[in-house]
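# sequence first, then the predicted structure, then my questions.
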Amino acid sequence: MRFRSQAYFLLAFLMFGTWFSIAQNNQLRAYTLKDDLPQSQVNAIAQDALGYLWIGTQGGGIARFDGISFKVWTEKNGLNSNYIQALQLKKDTLFIGTRQGLTVRIKNTFNRYTTPRVYAIDISEKGVFLGTRKGIHQYDAVNGTQALDCNALINSTQINDILFDGSFFWIASRRGLWKTNRLATDGTFKKMMDGDFKSLLKYKEKVIAASFSDGIFAFEAEKERFQILSEISQINTISLINGDELWINTTNAGIKRINLTDNLVEKSITKRNGLSVYHIRQAYQDRQNNVWIGSSGGGLFKYEKNNFRHYTKDNGLTANRIYALHYLNETLWLSTSESGLMTIDSTGIKQEEKTSEYLNVKVKTLTNDKEGRIWAGTERKGIYIYQKKMRDTIVYDSLLVDEVTYEKQQIEDIYTATITTENGLPSDWIRNIKIYGSHVWIATYSDGIARFQYDHKSKKIFNLKTFGAEEGIKDLAIRDLARDETGRIWYSTNKGHLGYIKNDKVTHIEAKDVTGSEITIGTIRFHNYDMYLGTFGKGIWFSTLSKDLKFEKLQGKKELYSNNIYQLIFDDNGVLWAGSERGVDQITLDKKNEIQNVTHYGRNDGFLGIETCHNATAKDTNGNLWFGTIYGLTKYAPSTSKQQSSKPQLHFEDIEVEYRSLDSINLRDWTNSDKQLQLTEDENNMAFQFRSIDLDNPEAIVYRYKFDNNNWSPWNQESKITFGGLDYGDHTFLAQSRNKDWLESDTISFQFHVIQPLYKKTWFKNLLWTILGLIILYVIYTYIKRVKAKNRAIRERLQLENHLLSLEQKALRLQMNPHFIFNVLNGIKGMSRNDINKMDKTINTFAVLLRETLTNSRKDSITLAQEIKTLKNYVEVERLMASKDFAYEIDLKSDLDPEEVLIPPMLIQPFVENAIRHGIMPLQRPGELKVQFTTDTNFLYATVADNGIGIQQSTKNKPNTDHQSMALQVTKERIESLAGQNTLKIEDVSEKDAALAGTKISFKIPLETDY
């Protein structure tokens, strides 16, 4: 009985393992109301040219899916019903068959047409045809929808599907399968079979028709015979997947599959594969070869073949968070957040060691010794050692007296032991355990590293050696331990330090010499004499194991999807795998450790756990990789087949002008075209929204853009760029996208022109500048003209004044000369007639003087030499006429030649005349006359001095005559006109010194020369 129970137990595990293996081969990802799918009943699926997936629901309207989120349209947005039965796409036009008729979506506009309930939409070169509850309708953009008159039976029955095979129309109706050459009354309608036919498709030269209750039939082109492909019943629709797989979507059995190349039945897709319901309405294959399954009640499913299997609490684990993994003897050991130890082997998942006193805490590391014992490092409880061995034993049956019988039974021998601080460990918080030979190395959370040996019989440790601060480890928070090919034990720390222990000597390397900053180094891996370090924030670093370690960041043609590296492991092909908070990266390196390729695996690629746990990795004997995550355990089985990746398609999703969507043009027609959008001067704020749809890895799509002749922006996930205050003129915006395989899309561009306002146009500005220049020139010309006129008036006035002054001076000279002549003639008249010789001499001298005076009177100026000569002749005349002789002196003190100095004529003579006649003549003593000329750089100075009676006494003795007043006044005005006011000074010498007498007259005039 024991044997039977054990056999049943083994069979149950085998069945569970088989079920789980099947369940995990083909991943199904469900999208439900929790993911914002508007309704759990999905009737129709289609994909547009941009890559968006459109989902028609039963009561929730339509939803557009971009791989991340759903955008929903309902009756409030323009649908004529929220109950969607069919979807078809033609270029930019989405045809929506609803309970109330047809809705046509063009761009963002919905046009509604009332017809009976639409079950099918067929688009071919013949037009757009609708299968409705009552016959067939046709749609065209001009006339809308109209019922087609075929025959009475078809016109009144429900049409479930329509197919044009290139020659004939096939009609799947509730009252049979029909074939006709034309959808009109004159068409030749032939009923091929009776029954409720639901769906049609074309496969090569065959038309395959599905009946709800009678099965699947294949009709050859232009032949009457058919082939029964399947007798499955309860069929909703059929779909052609992967070119030759017929998917039969049923109401009660999930999806049945037939390979049409050999008509062999393939494995069905049911709840065992991950479906939550059996009622399937539609299956649709997108351009990335994913199959989308619409169900009734279970929402939308994504079906994809991949190399990942996922283990969670739902299928056997005690918890989803995986802390440690270790592979030993065809068995994977693991620990979860629920404590204890679990194993996965060919029999399935088992709780190997339940939570106990020592395993009711987190197990953070697992390893084994050479005897196959499992060592578990825990938090707070030190080390737990566990081993289970099966041995055979013989059980004897002595119930029969004459016969002794026995049977073999297996007995479990379980060995456990614990090592804590009570046994000598430096800490009960164990981060890592490594066993090399008989030596056990442990890394603690904050107390450094310890090495010891263990006696399993006595359960005691010996030869304990600790390595801490005193030994040279400057950061005791150890993160990982690893041994290189030379036997050195390496450690990494929480603050980014690195070091190794050899011959009990610690060599410590500080963070600045590793990554340059105190960033946590969580993982150490060795491969082909190279060291690889996984950091929490700075990616992966590496160094060749040489005497001079030089650490460099791992980089190359592609970048990692995250710099938070929690796991590192090499597969059997030498490919490096890195686990992060975003999934895992498959990294291909060349011999120089340069990245050649990075393939990322996330939720949409079957890596459902997403965020990986620190150092929870393992590799089994078959080369499978195991990754522990916070959402379960993931197994990757390497495969030689790879799906060919295609470059992403990029499109403009929206363009905004002044914060309003540009709905007036078709963006697809304007993309990469020579068309140029003309914008006004006020429309200089633009926003470009672009998008690449990747239903597999939407989060891996990155973008870059370029504006005019600027450089490309860095790659980033920003898909909307705004420009404000754009300059006037021509502009070009370019964008590009890149997927997870670093395949770049074709560049898309959009051209526009911001019209320059009139006042900023070059020709207008030149015209304004020209007009302004002309105005300025006119103003300048007018000003110069006015100034010239003013200057001309001033010049004319000055010339007139100068001319008047000249005339005035000549008039003054003319006034003076007659006075002078009158005085001389009076003097000659008074001379004695007895002295004829003296009279003759006087007259002759006077004649010379008169001739000089007349000659000089015509001139504005004469030389000082001529003036002195004239004065001498005059004084000689006066001496000849005087009753008493007097002495005179005319002196010149100047460095200038008197022939070069100019002076107005007859300027000194009046003063000399007055000095002789009114100063010297009344004297009773000998008279003296002194005339002196001096010069400086600016003026000519003249002084006339006599020793006469003085001006005061002269005035008293003889009142002024008209002649005297005229002479003095004329001379004074002449001097003042030449040198200014108060230039003439007349001094009575007797006023200063009573012992002296006489008059001194002095003045100055501007110095004028003829050179």
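Received it, and whenever you're ready, just let me know what you need.
# show me where the stretch 851-1000 of the chain has helices.
Remark: helices assigned in the stretch 851-1000 of the chain by DSSP state H, counting those that start in this stretch are 864-881, 909-914, 951-957, 962-979, 989-992.
# tell me the mean pLDDT for stretch 875-895?
Averaging pLDDT along stretch 875-895 yields 86.
# separation between residue 489 and residue 771?
Per Cβ to Cβ, to the nearest Å, residue 489 is found 89 Å from residue 771. The C-beta positions use only the backbone N, C-alpha and C, and glycine is treated the same way.
# scratch that, residue 865 is what I was asking about
66 Å.
# the two: who's more crowded?
Set residue 865 next to residue 771 and count neighbours by other Cβ atoms under 10 Å: residue 865 wins out with 15 against 10.
# quick one: that one and residue 896 touch, right?
No. In this structure residue 865 lies outside contact range of residue 896 using Cβ atoms under 8 Å: 10.8 Å.
# hmm, back to that, which one of the helices of the stretch 851-1000 of the chain lies closest to residue 573?
helix 962-979 (118.1 Å; Cβ to Cβ).
# what's the neighbour count on residue 219?
22.
# any idea which of the helices of the stretch 851-1000 of the chain is most buried?
helix 909-914 (a mean of 23; mean count of other Cβ atoms under 10 Å).
# now do that helix: distance to the chain's middle.
102 Å (Cα atoms, centre = their mean, to the nearest Å).
# packing partners for that helix?
helix 762-829, helix 864-881, helix 962-979 (3 or more Cβ pairs under 8 Å, 6 or more residues apart in numbering; DSSP states H and E).
# ok, which of those comes nearest residue 160?
helix 762-829 (68.0 Å).
# chain center to the closest one: distance?
Distance, centroid of helix 762-829 to centroid of chain: 73 Å (Cα atoms, centre = their mean).
# tell me which residue is most central in this protein.
residue 713 (5.6 Å; Cα atoms, centre = their mean).
# do you know how far it is from residue 734?
On the measure of Cβ to Cβ, residue 713 and residue 734 end up 10 Å apart.
# what is the end-to-end distance of stretch 152-166?
Across stretch 152-166, the terminal residues are separated by 25 Å (Cα to Cα, to the nearest Å).
# contacting residues around that stretch?
119-120, 122, 124-126, 129, 131-136, 147, 149, 169-175, 178, 189, 196-202, 207, 221 (Cβ atoms under 8 Å, 6 or more residues apart in numbering).
# what is residue 589 paired to in the beta sheet?
Residue 589 has these beta-bridge partners by DSSP bridges: residue 595.
# hang on, the earlier thing: comparing the helices and strands packed on helix 909-914 by mean pLDDT, which bottoms out?
Among the helices and strands packed on helix 909-914, helix 962-979 scores lowest, at a mean of 70.
# which neighbours do residue 713 and residue 734 have in common?
705-706.
# re earlier: quick one, which of the helices of the stretch 851-1000 of the chain is nearest to residue 549?
Nearest to residue 549, of those and by Cβ to Cβ, is helix 962-979 at 103.5 Å.
# can you confirm residue 182 is in a helix?
No. Secondary structure of residue 182, determined by DSSP: H, G, I helix; E, B strand; the rest coil: coil, with no helix assignment.
# what's around it, how many residues?
Residues near residue 182, counting by other Cβ under 10 Å, number 14.
# ok, back up a step: which SS state does the residue nearest to the centre of the chain fall under?
Classification of residue 713 using three-state DSSP returns coil.
# pretty sure residue 493 is in contact with residue 480, am I right?
No. Taking contacts as Cβ under 8 Å, residue 493 lies outside contact range of residue 480: 9.0 Å.
# which residues do these two both contact?
residue 521.
# need the contact list for residue 351.
318, 340-342.
# change it to 10 Å
Residue 351 makes contact with 316-318, 336, 338, 340-343 under the criterion Cβ atoms under 10 Å, 6 or more residues apart in numbering.
# show me which of these is closest to residue 975.
For the contacts of residue 351, the nearest to residue 975 is residue 336 (129.3 Å; Cβ to Cβ).
# surely that closest one is in contact with residue 313?
Yes. With contact defined as Cβ atoms under 10 Å, residue 336 reaches residue 313; the gap is 8.6 Å.
# what is in contact with those two at once?
Taking Cβ under 10 Å, 6+ apart as the criterion, residue 336 and residue 313 both touch 319-321, 632.
# can you put the residues you listed in TSV and add secondary structure and distance to residue 672?
Compiled in TSV, the shared contacts of residue 336 and residue 313 are given as follows (DSSP: H, G, I helix; E, B strand; the rest coil; distance: Cβ to Cβ, whole Å):
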residue	secondary structure	distance to residue 672
319	coil	53
320	coil	48
321	coil	49
632	strand	45
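# now the residues you listed as TSV including neighbour count, pLDDT and distance to residue 728?
TSV is the format used below for the shared contacts of residue 336 and residue 313 (neighbours: other Cβ atoms under 10 Å; pLDDT from 0 to 100; distance: Cβ to Cβ, whole Å):
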residue	neighbour count	pLDDT	distance to residue 728
319	16	91	64
320	18	91	60
321	21	93	60
632	22	92	59
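# strands of the stretch 501-650 of the chain, start to end?
505-509, 521-527, 530-535, 540-544, 552-553, 567-570, 576-580, 583-589, 595-601, 612-619, 625-629, 632-636, 650-657 (DSSP state E, counting those that start in this stretch).
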